[in-house]
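K.L.:
Coordinates for the following, if possible.
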Amino acid sequence: MPSEQSSTLSAYLLNEANKWQVYPSLTMRRTKINLESREALDAILTEFVEWRRTFVPHPKYLGKEAPNEPILWNDRYCREVLQKVPEMVRRRRAIRQLPLAPPSDAPWWVCLRESATCLIYGFSLAAIALARSAMELRLHEVYTRYQESYKEVDKGQEPDLNTIINRLCEQNALAPEGREQAHQVRLVANKTLHNGPHEHPTAEKALEVFDAARLVILRMAGG
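P.N.:
Sure, this is the predicted structure:
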């Protein structure tokens, strides 16, 4: 009897990957013992993955060296990415299409693209930080046209982002509706980055900040 066809490529590939204990060395029959063994191996590799992202405990605390075989890591990361694909697709579809053709070498454009990548892959904290950076770089870029007017007020001090947003509004360089969004990006990013893991943002909050930053950039007067 033919097996039921997977609805997506990622589901099909994940199903094929699950036929192996470790590809291409060990095939796996779908018995209870083998499935439990597969889950146990995944749990061990997941722990090592987390350690290698920051610091690996000293071998004397592990009792042995952490595994470092390319085949093991390739197997682990393939499964991890395939499991995340449906959510990646959902987040990508949630990003609104906005008409803008900026220069690809602009620093703020680079940050915005990196922010979108982080958003799609589920790295909400990084997505927010980079969205704010993209917006701030663009605002600074436009602000240079007006900074001479505030030279005496600043007395050699660099104005902060809050001040730049308000001054650009005064100069009609930032549309009024963009002012609230710019402050939203600034405040959420500040709270997220300064309060640590206690304020870890959701994917929905990251999307909200990303879209607000894009709209601010889009609405900047003078292109």
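
K.L.:
so where do the strands sit in this protein?
P.N.:
Taking DSSP state E as the criterion, the chain contains strands spanning 20-22, 26-27.

K.L.:
pretty sure Ser124 contacts Glu208?
P.N.:
No: with contact defined as CB atoms under 8 Å, Ser124 and Glu208 do not form a contacting pair (10.5 Å). Quick note: C-beta positions are derived from backbone N, CA and C, even for glycine.

K.L.:
Could you check which of those two is surrounded by more residues?
P.N.:
When Ser124 and Glu208 are compared on other CB atoms under 10 Å, the one with more neighbours turns out to be Ser124, at 22 against 18.

K.L.:
which residues touch that one?
P.N.:
With CB atoms under 8 Å, 6 or more residues apart in numbering as the criterion, the residues that contact Ser124 are 118, 200-203, 205-206.

K.L.:
Same check on Val209?
P.N.:
Residues counted as contacts of Val209 (CB under 8 Å, 6+ apart) are 127-128, 131-132, 184-185, 188-189, 201.

K.L.:
same question, Asn162
P.N.:
Residues near Asn162 by CB under 8 Å, 6+ apart: 183, 186.

K.L.:
Run through this structure and note the low-pLDDT ranges.
P.N.:
1-4, 26, 28-32, 56-67, 100-104, 196-199, 221-223 (pLDDT under 70).

K.L.:
can you list the domain ranges for it.
P.N.:
9-85, 107-219 (automatic domain parsing).

K.L.:
Tabulate these in TSV, adding columns for distance to Arg91.
P.N.:
As requested, those are arranged in TSV below (distance: least, CB to CB, whole Å):
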stretch	distance to Arg91
domain 9-85	10
domain 107-219	5
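
K.L.:
hey, which of these is tucked in deepest?
P.N.:
Burial of the domains of the chain is given as mean neighbour count (mean count of other CB atoms under 10 Å); domain 107-219 ranks first at a mean of 17.

K.L.:
which other helices and strands contact the lengthiest helix in the chain?
P.N.:
Scanning the chain for the helix with the most residues, using DSSP state H, yields helix 70-94. Under the contact criterion of 3 or more CB pairs under 8 Å, 6 or more residues apart in numbering; DSSP states H and E, the helices and strands touching helix 70-94 comprise helix 9-17, strand 20-22, helix 32-53, helix 107-121, helix 203-219.

K.L.:
outside of that helix, which residues touch it?
P.N.:
Helix 70-94 has contacts (CB under 8 Å, 6+ apart) with 8, 10, 13-14, 17-18, 20, 22-25, 42, 45-46, 49, 119-122, 203, 207.

K.L.:
could you check the angle helix 9-17 makes with it?
P.N.:
Per axes from the mean of the first three to the mean of the last three CA atoms, to 10 degrees, the angle that helix 70-94 makes with helix 9-17 is 160 degrees.
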